[in-house]
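Peer 1: any chance you can model this:
(chains A and B)
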There are 2 protein chains.
Amino acid sequence: MVLAGPTNPMVTPLLTDLYQFTMAYAYWKAGKHKERAVFDLYFRKNPFGGEYTVFAGLEECIKFIANFKLADDEIDFVRQSLSTSCELEEGFYKYLSGVDCSEVEVYAIQEGSVVFPKVPLVRVEGPIAVVQLLETPFLNLINYASLVATNAARHRYVAGESKMLLEFGLRRAQGPDGGIGASRYCYMGGFHATSNVAAGKIFGIPLRGTHSHAFVSSFMSPDEIIDKSLRHSSDKRSTCEDFVSLVQTWLRKIQSWSNSLNGTFGGETNHSELAAFTSYALAFPDNFLALVDTYDVMRSGIPNFCAVALALNDLGYKAAGIRLDSGDLAYLSSEARKIFLIVEKEFGVPGFGKTVITASNDLNEETLDALNKQRHEVDAFGIGTHVVTCYAQAALGCVFKLVEINNQPRIKLSEDVTKVSIPCKKRSYRLFGKEGYPLVDIMTGENEPPPKVGERILCRHPFNESKRAYVVPQRVEELMKCFWHGPGGVREDLPPLKDIRERCISQLGKMRPDHMRRLNPTPYKVSVSAKLYDFIHFLWLNEAPVGELQ
Amino acid sequence: MVLAGPTNPMVTPLLTDLYQFTMAYAYWKAGKHKERAVFDLYFRKNPFGGEYTVFAGLEECIKFIANFKLADDEIDFVRQSLSTSCELEEGFYKYLSGVDCSEVEVYAIQEGSVVFPKVPLVRVEGPIAVVQLLETPFLNLINYASLVATNAARHRYVAGESKMLLEFGLRRAQGPDGGIGASRYCYMGGFHATSNVAAGKIFGIPLRGTHSHAFVSSFMSPDEIIDKSLRHSSDKRSTCEDFVSLVQTWLRKIQSWSNSLNGTFGGETNHSELAAFTSYALAFPDNFLALVDTYDVMRSGIPNFCAVALALNDLGYKAAGIRLDSGDLAYLSSEARKIFLIVEKEFGVPGFGKTVITASNDLNEETLDALNKQRHEVDAFGIGTHVVTCYAQAALGCVFKLVEINNQPRIKLSEDVTKVSIPCKKRSYRLFGKEGYPLVDIMTGENEPPPKVGERILCRHPFNESKRAYVVPQRVEELMKCFWHGPGGVREDLPPLKDIRERCISQLGKMRPDHMRRLNPTPYKVSVSAKLYDFIHFLWLNEAPVGELQ
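Peer 2: Residues are numbered from 1 along each chain as shown, chains lettered A, B, ... in the order given. As a prediction, the model looks like this:
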């Protein structure tokens, strides 16, 4: 199976830290470069103060290794970078030019899965010099992807499933790929569409967008509109020759009617805005969505929108909705909804009360939560900066740790117990309870028998002796599958983005709700088998420096 | 002049928001698409709680417009994206296929300059439909670039000019381009080197890197080292046949000597670590830098390092230094320095006391500041996550606002006065005082006479009537230069990265120190001319919605 290269052409074997090459040389010089090593890629703490993470970035990693090969100019550059004072042996560069991933194996959890700290997301096995070269690109491709997908899922959870979520972050993203990646992984995490055209083209993500404040203020008055004609939606022979006048007639009707309302609605509206809305409707009569806050939402934006929408209605078109981009979104959306409902009744336009209200302006989890408490009437949220830059926590700390070399388990100790690595080539399983919820993840040694449905198994905290529990699983799911098998190439299918998105939404929906809530969520338990527990602590004792135990 | 395309091949005309295309069609349909519009790109607030920003990203913008042209498949994709329900007129796509930037003019402040809120960084003038297509890519290319460059400059300021700053962030960056861009703009902001090999190749940034914890734990003991010989540094005929034994001899000397010290130094050291250090020294005898915290810095890492370094010294090599990646960096660096100074004296190795100490591990402005207060002995800092993701503030809010169309000035009002735009096509100047420090930036209308050296000029706050001051500049610098002039292409030279970096460092060094300090810095003043002030407020009155003044 031939696999296209990474989505981003800048993802080359040089997209790595220099020390991966210095180490490769030191391994080669010591004759150790072919020693078989196993590394685990995992994170230590869920982001955003939550208790879950969405795993993303796997497809890019697999595409990367499927095409891993250093070009001549890349080897020349490595030569130049390593020869700061003395020349290295030429044999090393010959070795490098032959390096590929045909001796590498990658096991991983499926992309879009809900995952937890300490459990390996990816296990990479192969010649140590080669696997080390993969460390930085794998971390780069997975860290941000998983962070954004998780962030998107969290925003969706707060907004509620019935709301549309639109990602508008390209302009504030961390560079071009920060933007393109964000669009992809926001969609994976449950968003519905993006404004990013490039991401739409590359990944087939639905696109959304209408117009900006600049569009509104670029118009002076409706007089400047030259082509005023608009054809009837269904009756192709019937054309309104002067749509501008039709809009103005409707505006006058609305104005005289609004005088009877005791509110802030109506009055003299802004002419630039009316001209812009009318022009936009002439261009997109069946998709008229207006940004109504350039001047004053209730005094100008909404009446102008209603005038254009009612004129469109006369010609058989249904307006798409409004967007609010400033002010008190809960209040304004409720007021707008009231007007739409009254207009539906007053002017006899069925469905007008349901006109879609989109809100944007620096939204994040907190503001969505606050809007919910204020009973807003927003149908769709446009979210930018906060979701794409992961403003609340801009990095996920995935690490890549050596757990075995030449069949010898390795442990990385640290004074900080959360930083101690779990040694050995492992398997991991998710155990499900009676209600169908996942109960606990358990890691075992590679050759231990797997947990069995209906059989009691002891799940131990990897480092805390007193934390242990017996579980009788109703269902057992092995978490890691083989995605890359050196000589044979790709093993497990890489599903299309839509399927990964569905997997993600479905898995999130099946979690016990207390793990998912925003405030004080319950930690999901991650454990090791009794045998692995004993082995970790045996190694720990042996590896700890002489002097005192850490 | 032919200019290569953007560094990142994913930066294409489709890297924009969909609404730029829907607006382009609406402009085209209204016959407005060729109207000459002027947009200002600026930010409203300095990032990181500071009072300055470093402007970056300009070169990428100019390369982008120099190559701006929609390919056929891109136009097909736009057609498909816009035709959600009804077909748009085919003439629009013909127009789109001919669009380039030959009618666009770009004025900008030079990249690497210190800049302030509200003052345009870039002014783009051209046919409105074309300029709108540039909005999102320009913001994307400038927002993150400027944010990272500023972040790097702030880290350098806290670390102090005598310290080396190494950017190690690729693995935690926001995607591949988040990593490559970060390396480039960290260097621009004053960092000295990066670990990112791709960035080294593309931009010529110096590279740094040695080895990781995995390298250390991949070794078992010095017995496994096969090729133990090492040639003398200067005397090519002399070779030490058993460098491993030489190291072990030194280790025993250090151990027996350390018994006489009353400290935590020395004792039995870790064999894996000694083997890894020895191997690394055999591979890079003239660039031996060891990560000393895998097991225990004082009990194992430092004595092992000293043994290898002293053995290298016997053969005429000078060890490069150590890296600390965990623990109390101030304490450990001071203890390490003490040992190095004693070793210099005890074993007669001149310069050993000055062995370079590099520190890493989640460093940021706060931890650097805390280290300073604790009197550390670190010479070089490796900074990753915090500098590349801009963890302290993950986005800069640059905006792109219409300020004039068809020679008619436009203002964007808002209930939030900080969001009101400054209308008109403008010029801006930096006024310098007697001591050579910049005093104030002032914006004027395009055709106002420029401020003159030695002549009093009234500088007004753009929105606050009571804030005004007369200034007599000793030097006047016009801030924006022409970087792109439609028919002629590139105007102002795009200097190499090194020169931009020097410009940045030099400008930062010339700022009044109270603008630069971390805590409660003094805001730098940004003003408008009296004439522009009056005009803003005249427009404001006229544009405000009827009902109440905002």
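Peer 1: tell me the spacing between the closest residue to A:Ser97 other than its chain neighbours and chain B.
Peer 2: Once flanking residues are discounted, A:Ser97 sits nearest to A:Ile75: 5.5 Å by Cβ to Cβ, 6 or more residues apart in numbering or on different chains. The C-beta positions use only the backbone N, C-alpha and C, and glycine is treated the same way. Here the criterion is Cβ to the nearest Cβ, to the nearest Å. By it, A:Ile75 lies 11 Å from chain B.
Peer 1: what does the domain assignment say about chain A?
Peer 2: A:18-154+A:393-543, A:221-357 (automatic domain parsing).
Peer 1: columns mean pLDDT and mean neighbour count on top of those, output as TSV?
Peer 2: As requested, the domains of chain A are arranged in TSV below (pLDDT from 0 to 100; neighbours: other Cβ atoms under 10 Å in any protein chain shown):
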stretch	mean pLDDT	mean neighbour count
domain A:18-154+A:393-543	95	19
domain A:221-357	92	19
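Peer 1: using CSV, lay out these together with distance to B:Lys253.
Peer 2: Putting the domains of chain A into CSV (distance: least, Cβ to Cβ, whole Å) gives the following:
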stretch, distance to B:Lys253
domain A:18-154+A:393-543, 25
domain A:221-357, 72
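Peer 1: out of these, flag the one nearest B:Leu133.
Peer 2: In terms of Cβ to Cβ, the element of the domains of chain A nearest to B:Leu133 is domain A:221-357, at 15.9 Å.
Peer 1: the closest one near chain B anywhere?
Peer 2: Yes: residues of domain A:221-357 contacting chain B under Cβ under 8 Å from any Cβ of the partner chain: A:224-227, A:264, A:267-268, A:270, A:279-280, A:282-287, A:294-296, A:299-300, A:326-327.
Peer 1: is the residue nearest to A:Ser97 in a helix, a strand, or coil?
Peer 2: helix (DSSP: H, G, I helix; E, B strand; the rest coil).
Peer 1: what residues are up against it?
Peer 2: A:Tyr93, A:Leu96, A:Ser97 (Cβ atoms under 8 Å, 6 or more residues apart in numbering or on different chains).
Peer 1: closest one to chain B out of these, please.
Peer 2: A:Leu96 (12.4 Å; Cβ to the nearest Cβ).
Peer 1: double-check that the closest one belongs to a strand.
Peer 2: No: in this structure, A:Leu96 is helix, not part of a strand, as judged by three-state DSSP.
Peer 1: what are the ranges of the helices in the stretch 401-550 of chain A?
Peer 2: A:497-509, A:513-516, A:530-543 (DSSP state H, counting those that start in this stretch).
Peer 1: check which helices and strands the first one sits against.
Peer 2: This points to helix A:497-509. With contacts taken as 3 or more Cβ pairs under 8 Å, 6 or more residues apart in numbering or on different chains; DSSP states H and E, helix A:497-509 sits against strand A:114-115, helix A:128-159, helix A:175-188.
Peer 1: export those to CSV and tack on distance to B:Leu479?
Peer 2: Shown next, in CSV, are those (distance: least, Cβ to Cβ, whole Å):
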stretch, distance to B:Leu479
strand A:114-115, 49
helix A:128-159, 35
helix A:175-188, 25
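Peer 1: can you redo those as CSV with distance to chain B?
Peer 2: What follows is those, written out as CSV (distance: least, Cβ to the nearest Cβ, whole Å):
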stretch, distance to chain B
strand A:114-115, 18
helix A:128-159, 4
helix A:175-188, 3
